[in-house]
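Participant: okay, predicted coordinates and the sequence, questions at the end:
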Amino acid sequence: MPLFDRSSSQRRPERSLLTPLVAVGLLPVLLGCGAAKPAAVQGEHDPHASTVPPQLAAERVQVVEAPDRPLLQLVRRNGDPYGAVALAAFPDGGSRASVALGALLHFRMTTAGIGRVELQPHAFGVVLAAPAEDAAAGVRVLQAFRAALAEPVRDADPALPQVSKWVRDSERRAMPSAAALCAGELGSDLGAPVDGKAADGKVTAERLESWRESAFSLRRVGLAALGSEALLQGVRDAHRDEWPDGAPPSHPWPDADDVQVVDDGTGRALRLAWHLPEAVQALSVSRALADPHHPLHHRLAALGRWRVAHTNAAVRPRGACLRVDLALDKSADRPDEGELARAASIVSLEVERALEAPPGSEEHERTLLAPGNPLVAAALAAWTAVRSAEAPGPTRRIVEYAAPSTERRPTPRALAERLQETRATWDSLGLPLRAQVEDGQAETWILVASPCGTSVEPAQDAGIFALAAHSIARAFQGSWGVTFEPWATPDGVGLLAHAPRRARETPKAHAERIARAVGRALAGDPLDGRAVADARDEILDRLGADTGWWLALETLSGDFPSALEPFGTWKSVSTTSTSGVERARAVLAQGPLRVAVLADHDAAQADAAGAALSDWLAPFREEGATCSRPQIEAPKPGMWTLETIDEEVREGAYLGVWAPAPRELGLATAYLLNRPGGWLDQALTQPGLVGSAQAHWFGGGATGALVIELGAVPEQLDAAIQQARALLDRLAKGAADKEDAARARAEQSRREAALAIQPRARVVRLWHDREPTPVDLAGLRKLHEAFAADHHLVVKVKRRQ
């Protein structure tokens, strides 16, 4: 039975076809499967929390079968103001026959004294329901249904005027549509009115009788009662009359997938429908997709202009139909076939994934009991009591683009070809994956990052990727139970994500949940500006506003500060807008990415994570994306003096040298300079030349720099600078010895041992796909060659007098 949303369907709700004639239309039936809008708050609600709906006792729904009577479904439910009895009939003849038969039965039921009868015709059947306060009323309704359907149509049947009027009214809204026909939408099997005029709608007694006779068969009728045990028992006892036999309803099954382009004067819509072999699949998936927090809504939000306007599940005598309608804002530009193909492919991917999940074992009973209106629930039970004798075929998809006939539209063939090309391209865009199985660990870890790193950022954008990573982590923290951590270095920037497995969650589902959360974070809902503001404040606090420091760093990096300091400069970060962060986020998603996975179960878990993330990001990535590598030239040596009136700026000096080298050798040098009793202590602190001296190593690989920060009183600052420069010059001439190398190796071993117990460090090493460079004397001396005096850059900071 089609389950149509009352408010958001792009087509006029079906009940409006008969509302002027019937006090209250029976359907649409809302089962939580209508349109939904993505939530504004990121990180809330978790559609992955449970894929199994709450279970209901099977004894709540009983089936009465007999060889000479229609199937009767009894739904035990108390608390409603009244019970209900319903009949569904499936005549030959499509929408016209359904409307005509519904009008005939409604006329006869009301004439027989059944005061309230609600009904809804569809493209392949009609369902009627009437309230029943007690068992006696239920028996009266059941008997009246049979009598109304059993009585032949006479030439001057008093119901004919009402029948013709209803048919005529319904045909005014005929709109042929393969997607709508899959769902049984009324009028979807009829030709559109010509010049706004429908056929005269006149139905002869002979034609009406043929439709009635085709439906008056135990295989074409479904019956149901809903209410107390006493009401159900009364209806069961009264269901004794024999019914004529006949062929069950025949519903053709599509031979292949289909793509259509149709007229629709109400606006543009992209409709997708699936013929499914099992009704529980359609019901379960429709329920899932209708959740406003389902990943489909987040993916469409990232795509841009499309939104889910309507979802429904239609239970048919043969199989079922799942339908998803997308809407485009009326003010939006006309979409081309590429945009249509991308939107349709995203929906298809999510539906295919949802179909893989097993539905609840009692989805049928849950569906029958879900509607609050007892008439609707009884109608559902009657509708689902009729099945075709033909086995359902394989899953088939319909993609249908609807737009005004006055608008330029792609041909069905062009759209079909673009759909095929889009999926083929996306399938080829798998992300490079490295995996390590750590069975028994508490969590699975995923690092998704761009190997471009932050070194590509010019000075005006310095720190934008680090700010994007921090903003994303804040905005999506806890989304679907996943913890996010930003990761930014000159040679890699992205997100760390990790989460423990949930109760009853399979290892595959666990990995996919984390991966899809990462996909959503990189390409999903727009970022919350508050998250960007908080991340900006955090980074600015980390950076500080020391102008001397930033002058030294910018001069050393040759206008690419992030090649050394991934968080950028105070000036650049403080002026970065939310829209700029969104652009950086998009660049991350579109550019080259690598994935590293620490799987807590097996290798298949890592493969599932990689596939899920590739699937999510494919619509936004381009084949062959590479990193732009700026030419960062070594800075010219020299001395700068910065005068300031800012009382908070510390007087001192910064001594820097440009020295590209492996990060491990740079860190080892900084350690030897900073350690108690080390080179800086010996050269500067112990002689009393400085109040403080601290060495910092930045960058790594193709970029690197050493900066020594000196704090001294003005009278001793020049002497401290000279002594520090002399120290570096001695190192350039090979002053480091075996004992220094041994100390550095021991420190490296200690650091590596501390990192080895941290999964975040292990996944980072896995992502880099290289072992740490071992520290030895030859490597240190090679690095120190860059420390010669003619390479020094000095920035002095003093207050203006």
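Facilitator: All right, it came through fine.
Participant: how about the secondary structure of residue 708?
Facilitator: Under DSSP: H, G, I helix; E, B strand; the rest coil, residue 708 falls in the strand class.
Participant: so who does it touch?
Facilitator: Shown in contact with residue 708 (CB atoms under 8 Å, 6 or more residues apart in numbering): 654-656, 673, 680, 693-696, 724, 728. Bear in mind the C-beta positions are built from the backbone N, C-alpha and C, glycine included.
Participant: nearest residue to it other than its sequence neighbours?
Facilitator: Among residues not flanking residue 708 along the chain, residue 655 sits closest, at 4.4 Å (CB to CB, 6 or more residues apart in numbering).
Participant: what's the burial count for the one you found?
Facilitator: 24 (other CB atoms under 10 Å).
Participant: begin at 3 from here
Facilitator: Noted, 3 is the first residue going forward, which turns the last one into residue 657.
Participant: before we move on, the earlier item: out of the contacts of residue 710, list just those in strands.
Facilitator: Among the contacts of residue 710, the ones falling in strands (DSSP state E) are 656-658, 695-698.
Participant: in these, find the pair that's most separated.
Facilitator: Greatest spatial distance among the ones in strands among the contacts of residue 710 (CB to CB): 658 and 695, at 13.7 Å.
Participant: centre of the chain to stretch 471-488, how far?
Facilitator: Stretch 471-488 sits 15 Å away from the centroid of its parent chain (CA atoms, centre = their mean, to the nearest Å).
Participant: list the buried ones in that stretch?
Facilitator: 471-478, 481-486, 488 (16 or more other CB atoms under 10 Å).
Participant: swap in stretch 397-415?
Facilitator: 397-405, 411-412, 414.
Participant: same deal with stretch 623-636?
Facilitator: 623, 634.
Participant: can you check stretch 456-466 too?
Facilitator: 456-459, 461, 463-466.
Participant: that older thread, narrow the buried residues of stretch 397-415 to those in helices?
Facilitator: residue 414 (DSSP state H).
Participant: report the central residue of this structure.
Facilitator: When CA atoms, centre = their mean is applied to the chain, the residue found nearest the centroid is residue 297 (2.5 Å).
Participant: what sits against that residue?
Facilitator: Contacts of residue 297 (CB under 8 Å, 6+ apart): 49, 352, 518, 522, 618.
Participant: by neighbour count, which of the residues you listed wins?
Facilitator: residue 618 leads the contacts of residue 297 on contacts (other CB under 10 Å) with 28 neighbours.
Participant: surely that one meets residue 519?
Facilitator: No - with contact defined as CB atoms under 8 Å, residue 618 and residue 519 do not form a contacting pair (9.5 Å).
Participant: kindly reformat the buried residues of stretch 397-415 as CSV containing pLDDT and distance to residue 606.
Facilitator: Listed next are these as CSV, based on pLDDT from 0 to 100; distance: CB to CB, whole Å:
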residue, pLDDT, distance to residue 606
397, 96, 25
398, 97, 30
399, 98, 28
400, 98, 33
401, 98, 32
402, 97, 37
403, 97, 38
404, 94, 42
405, 92, 44
411, 93, 44
412, 94, 40
414, 96, 39
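Participant: tell me which element residue 347 falls in.
Facilitator: Assigned by DSSP states H and E, residue 347 falls within helix 339-358.
Participant: buried set for that helix?
Facilitator: 339, 341-353, 355-357.
Participant: so what touches that helix?
Facilitator: So helix 339-358 is contacted by 272, 274, 276, 278, 283, 286-287, 290-291, 296-298, 301-302, 305, 307-308, 324, 326, 328, 337, 397, 399, 401, 403, 412, 416-417, 420-421, 423-425, 428, 617, 621 (CB under 8 Å, 6+ apart).
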